[in-house]
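just the structure for this:
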Amino acid sequence: MIAVVGCYTAADAALRGYPLLAGTVLAWCAVVAWFIAGVLLRPRLHASDSGVVVQNPWVTHELPWAALRSAEPGLQLTLIAEDGAQIRVWSVPSSGIALRTHSIREAAAHDGRVVTDATRGPAVADALESMRDRFLAAGDAPSGPRRRSVDTPSLVVGGALLALAVGLTLSAAL
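Numbers count the residues shown, from 1 in each chain. Predicted structure coming up:
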């Protein structure tokens, strides 16, 4: 929707004889699209034999199973590394209802009752801890430190788009 409105506005400005305004609108649309892609499309969580890979907007964390202490549901799933670092997982949010359901399920587990309503955040946390325990018990879990890498090319592109948009805005204002 943003792209349609942006393209329509840019085309209208260009047809009316304001090419600088058209370029400014397109530059800001590109900044918004870059941000939305980073925040909504890039985040993901991948668990494999070697460990957990968390892709958050513009930062990737890699944790071998031996480096993962726990997974805690919250408003966002949080992975706690053995060194105490807390890694928020943007791709696994939870609502307040999900957290209450998880608390009820935990209490039911202690009482011997079964609650079948699994919600996403707590269910993912339980699944990750189960996988970690299984790989550690089997003795074939890779070890090593957690790694963190920044998506520098994407940040450079975003910075360049932002600089272009601000520059065009300032030159259009003068």
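
so L161 sits right up against V31, yeah?
Yes. With contacts counted by Cβ atoms under 8 Å, L161 reaches V31, the gap being 4.9 Å. To be clear about C-beta, it is placed using only N, CA and C from the backbone, and glycine gets the same treatment.

any idea which helix or strand comes after the host helix or strand of A14?
In this assignment (DSSP states H and E), A14 forms part of helix 2-15. Where DSSP H and E defines the elements, the next helix or strand beyond helix 2-15 is helix 19-36.

tell me the gap between the helix or strand just after that following helix and the middle of its chain.
Later in the chain than helix 19-36, the nearest helix or strand by DSSP H and E is strand 44-48. Distance, stretch centre to chain centre, for strand 44-48: 12 Å (Cα atoms, centre = their mean, to the nearest Å).

strand 44-48 - what's its average pLDDT?
Strand 44-48 shows a mean pLDDT of 91.

quick one: find the helix or strand in the chain with the lowest mean pLDDT.
Counting by mean pLDDT, DSSP states H and E, the chain has its least confident helix or strand at helix 96-111, which shows a mean of 52.

which SSE is immediately downstream of that helix?
Using DSSP H and E, the helix or strand that follows helix 96-111 towards the C-terminus is helix 120-138.

and that next one, which residues are buried?
If you call a residue buried by 16 or more other Cβ atoms under 10 Å, then helix 120-138 has these buried ones: 121-126, 128, 131-132, 135.

mind naming the longest helix for the chain?
helix 152-173 (DSSP state H).

how much space separates the residue nearest to P64 when sequence neighbours are not counted from R42?
Excluding the flanking residues, the one nearest P64 by Cβ to Cβ, 6 or more residues apart in numbering is G51, at 4.1 Å. From G51 across to R42, the span is 19 Å (Cβ to Cβ, to the nearest Å).

compare those two (neighbour count), which wins?
The neighbour comparison of G51 against R42 (other Cβ atoms under 10 Å) goes to G51, with 23 against 17.

surely the more buried one touches W65?
Yes. Taking contacts as Cβ under 8 Å, G51 lies within contact range of W65: 5.0 Å.
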